[in-house]
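Engineer: heads up, no residue letters with this:
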């Protein structure tokens, strides 16, 4: 049985935090150094379960000033903290669980939890991420700035932003 739920990092048991981190490393363009601490500072974590195993994750992140400055420099788009206080990310669903709409449910729940606040997210440029790009756009995100090199320099990263609403 599949289910998706959301909770604050401080309400998450250590085993689930560890499983979250493992999936983020497998699926995301992320520096694993300090990742556990960044996960604990997130605003909200999303978990997709199949039976009793975590098969997908996502989060509303509270980005650091240095991360925001790096993305602003790389993309040429100003990610002012006042306008875009949140980052959506670490979205990943294991291959064997794809097609069950778990990624959509994670994304919808995270966007709903952000409410009217502005937010941004990044995604790799490749065929596998085309659905992610379309999903972000359906939820009010717009591609902004210029593409920039990924951490491994094998592809490029796109920046998406969702304006705050009144």
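Structural biologist: That came through fine. Just so it is clear, the model here is predicted, and its values are computed rather than measured.

Engineer: any chance you could map the strands in the chain?
Structural biologist: 2-7, 44-50, 53-61, 86-93, 119-124, 142-149, 156-162 (DSSP state E).

Engineer: Summarise which helices and strands the second one is packed against.
Structural biologist: With contacts defined as 3 or more Cβ pairs under 8 Å, 6 or more residues apart in numbering; DSSP states H and E, strand 44-50 has these neighbours: strand 2-7, helix 14-27, strand 53-61, helix 102-114. Heads up, the C-betas are built off the backbone N, CA and C, glycines and all.

Engineer: Quick check: which of the ones you listed is buried the most?
Structural biologist: Using mean count of other Cβ atoms under 10 Å, the stretch among the helices and strands packed on strand 44-50 with the largest mean neighbour count is strand 53-61, at a mean of 23.

Engineer: now that one against strand 2-7, angle please.
Structural biologist: 40 degrees (axes from the mean of the first three to the mean of the last three Cα atoms, to 10 degrees).

Engineer: Residues in contact with strand 53-61: which ones?
Structural biologist: With contacts defined as Cβ atoms under 8 Å, 6 or more residues apart in numbering, strand 53-61 is touched by 4, 16, 19-20, 23-24, 27, 38-39, 41-49, 86-94, 96-97, 102-103, 106-107, 110, 113-114, 119.

Engineer: Apply 6 Å and report the result again.
Structural biologist: Here strand 53-61 makes contact (Cβ atoms under 6 Å, 6 or more residues apart in numbering) with 19-20, 23, 42-48, 86-94, 97, 102, 106, 110, 114.

Engineer: Give me the buried entries from those residues.
Structural biologist: 19-20, 23, 42-48, 86-94, 97, 102, 106, 110, 114 (16 or more other Cβ atoms under 10 Å).

Engineer: For the strands of the chain, give me TSV that also has mean pLDDT.
Structural biologist: Compiled in TSV, the strands of the chain are given as follows (pLDDT from 0 to 100):
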stretch	mean pLDDT
strand 2-7	96
strand 44-50	97
strand 53-61	97
strand 86-93	95
strand 119-124	94
strand 142-149	96
strand 156-162	95
